[in-house]
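S.K.: Give the three-dimensional model of this entry:
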Amino acid sequence: MMLTFEYGHYMKIMIALFANDQTACFDQMIPAFTNVIAQANGATGQELLCRSKTIAVMKRYIKKGLGVSKQAYKNQPGRPQIQGEIQGKGNVASL
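M.R.: This next block holds a predicted model:
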């Protein structure tokens, strides 16, 4: 990446970078979509309803360079809903 930027600087051209972590992008996976995939692979509607309700009430912590944050954030009534799977859940990688 640094070499690309240096090349752009040397050639005096504009460089754009699109960072897309496709190997661990769990926070970008929408639970409604992953539920469809899970149902296509044999999960029942009751299991998926339980899973969705659990995700909706989970607290989320931020992992930083110096450790995990002490404060958490979560969905709150009347506010926009937080989307995305939660890293560390056992079934996310299979979805």
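
S.K.: List the pairing partners of the lowest-mean-pLDDT helix or strand in the chain within its sheet, with orientation.
M.R.: Sorting the helices and strands of the chain by mean pLDDT, DSSP states H and E puts strand 60-64 at the bottom, at a mean of 79. Using DSSP bridges, strand 60-64 pairs in its sheet with strand 67-73 (antiparallel).

S.K.: hmm, who's touching the partner strand?
M.R.: Strand 67-73 is contacted by residues 59-63, 82 when judged by CB atoms under 8 Å, 6 or more residues apart in numbering. (Glycine included, C-beta is placed from N, CA and C.)

S.K.: still on that earlier bit, which positions in the least confident helix or strand of the chain come out as buried?
M.R.: By neighbour count with 16 or more other CB atoms under 10 Å, strand 60-64 contains no buried residues.

S.K.: For this structure, give me the ranges with low pLDDT.
M.R.: Across the chain, residues meeting the criterion (pLDDT under 70) sit at 18-27, 87-95.
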